[in-house]
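Enquirer: Here's a sequence, model it:
(4 chains)
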Protein chains: 2
Amino acid sequence: MITNRLRELREQQMQNATTPGAWTQEGLGKRVGVSRQTIIAIEKGTYNPSLELAFKLARAFGVTIETIFTYRGDEHEP
Amino acid sequence: MITNRLRELREQQMQNATTPGAWTQEGLGKRVGVSRQTIIAIEKGTYNPSLELAFKLARAFGVTIETIFTYRGDEHEP
DNA sequence: ACTTAACGTAAAGTCTACTTGACATATAAA
DNA sequence: TTTATATGTCAAGTAGACTTTACGTTAAGT
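Expert: Residues are numbered from 1 along each chain as shown, chains lettered A, B, ... in the order given. Got it, this is the predicted structure:
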């Protein structure tokens, strides 16, 4: 199972940002070349991004993939 | 575009390995829960793995995703 | 010569990431 | 109150990741 800190990171950027609208869901989508709905779905956990999109997102935030996404191997335990 | 060092890393493991067959394409496939053909296709570059499979592969080799996979943003230059 | 292990390839099918389009809600500003 | 911005949701379609099955090759061992 994969979880992510996309919303958290995006909101950090929104606060520090000089250009308004640059880090909205739509702005981020344009930045990494996907639709707004795709960003929403990933933030919500509806599905996981492709490896390529994961790279683009990591690059957009200037961090590694592992900083945004966390993989837990165990499928069951709470 | 995404490239990977899967074959390189796998062959390193094959040399250092104690258990034969553990790091063959089939062995690696079983280890990360995909078919042998999937490993072949990724090594060959036919397609990119899902983010989840990328995590499993990184974990299998004990490295980060960025160690195995490299993303180049520029689509054109040679 | 025969067998076995490892690698490669191709076809058809399933599942999911991602798209477009349309409609709904909340908040803040004019 | 109206307008604009940002977020959320649903539906139908396309593309790509992955599967199973099956057959072919090459090198090593016996």
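Enquirer: quick one: contacts for A:L6?
Expert: A:39, A:42-43, A:57, A:68 (C-beta atoms under 8 Å, 6 or more residues apart in numbering or on different chains). C-beta here means a position set from N, CA and C on the backbone, and glycine is covered the same way.
Enquirer: Can you pull the phi/psi pair for the residue nearest to A:T3 when sequence neighbours are not counted?
Expert: Among residues not flanking A:T3 along the chain, A:T70 sits closest, at 5.0 Å (C-beta to C-beta, 6 or more residues apart in numbering or on different chains). For A:T70, the backbone dihedrals (degrees, to the nearest 10) come out as phi -120, psi 130.
Enquirer: could you check the distance from A:T70 over to A:R36?
Expert: 24 Å (C-beta to C-beta, to the nearest Å).
Enquirer: Ok, A:A17 next?
Expert: 18 Å.
Enquirer: and if you look at A:R10?
Expert: With C-beta to C-beta as the criterion, A:R10 and A:R36 are 12 Å apart.
Enquirer: Mind checking what secondary structure the closest residue to DNA strand C within chain A has?
Expert: Using C-beta to the nearest atom of the strand, the single residue of chain A nearest to DNA strand C is A:Y47, 2.2 Å away. Following DSSP: H, G, I helix; E, B strand; the rest coil, we place A:Y47 in the coil state.
Enquirer: pLDDT wise, what is the residue nearest to it when sequence neighbours are not counted at?
Expert: Distances taken as C-beta to C-beta, 6+ apart put A:A41 closest to A:Y47, at 5.7 Å, once the chain neighbours are dropped. pLDDT recorded at A:A41 is 98.
Enquirer: And A:T64, by the same measure?
Expert: 98.
Enquirer: I'd like to know how many residues surround it.
Expert: A:T64 has 14 neighbouring residues, counting by other C-beta atoms under 10 Å in any protein chain shown.
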